[in-house]
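Trainee: predicted model follows, preceded by the sequence.
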Amino acid sequence: MPESNPETHVIDFRAAEQLLAARDPRGAVKLLDSVIAAHPENTAARLLRARAFFAAAQLRPAELEFELVLEREPDNAFAHFALARTFERLNHPERAKKHFRLAAALDPKPEYLAAARFEDGA
């Protein structure tokens, strides 16, 4: 069994980023599981794992990870946006709308503003 150390975890994190970019989200999740087991407080690893779960259509685990990230970083606009996309795919439009709007309020990127649909009122 390979030795587990911080350097190995950094390598695994970077490899998981590459796997996700190469459209292998399940491979990314496998690498990130060990990183998060060793460093449960690592929000970047949790955000990457949430993205990988989402890409693998594992929506409930994605939701849980995005929510954990937002507990730690409530001003993370990307996490709000990604959680909203997750809720959208889970067919929870009101929950999605709330997080789309929070994302747009925190960071008025055109993509976030368009998804927030402020012009729709309510």
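Mentor: Done, it's in.

Trainee: distance of residue 48 from residue 110?
Mentor: 24 Å (Cβ to Cβ, to the nearest Å). All C-beta spots, glycine's among them, are computed from the backbone N, C-alpha and C.

Trainee: so which of these two has more stuff around it?
Mentor: residue 48 (24 against 8; other Cβ atoms under 10 Å).

Trainee: buried stuff in the longest helix seen in the chain?
Mentor: What stands out as the longest helix in the chain, according to DSSP state H, is helix 6-21. Across helix 6-21, burial judged by 16 or more other Cβ atoms under 10 Å covers 9, 12-13, 16-17, 19-20.

Trainee: and if you look at stretch 83-97?
Mentor: 83-88, 95-97.

Trainee: out of the residues you listed, which sit inside helices?
Mentor: 83-88, 95-97.

Trainee: got those residues as JSON lines, with pLDDT and distance to residue 117 columns?
Mentor: Listed next are these as JSON lines, based on pLDDT from 0 to 100; distance: Cβ to Cβ, whole Å:
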{"residue": "83", "pLDDT": "98", "distance to residue 117": "16"}
{"residue": "84", "pLDDT": "98", "distance to residue 117": "11"}
{"residue": "85", "pLDDT": "98", "distance to residue 117": "14"}
{"residue": "86", "pLDDT": "98", "distance to residue 117": "17"}
{"residue": "87", "pLDDT": "98", "distance to residue 117": "14"}
{"residue": "88", "pLDDT": "97", "distance to residue 117": "12"}
{"residue": "95", "pLDDT": "97", "distance to residue 117": "14"}
{"residue": "96", "pLDDT": "98", "distance to residue 117": "10"}
{"residue": "97", "pLDDT": "96", "distance to residue 117": "7"}
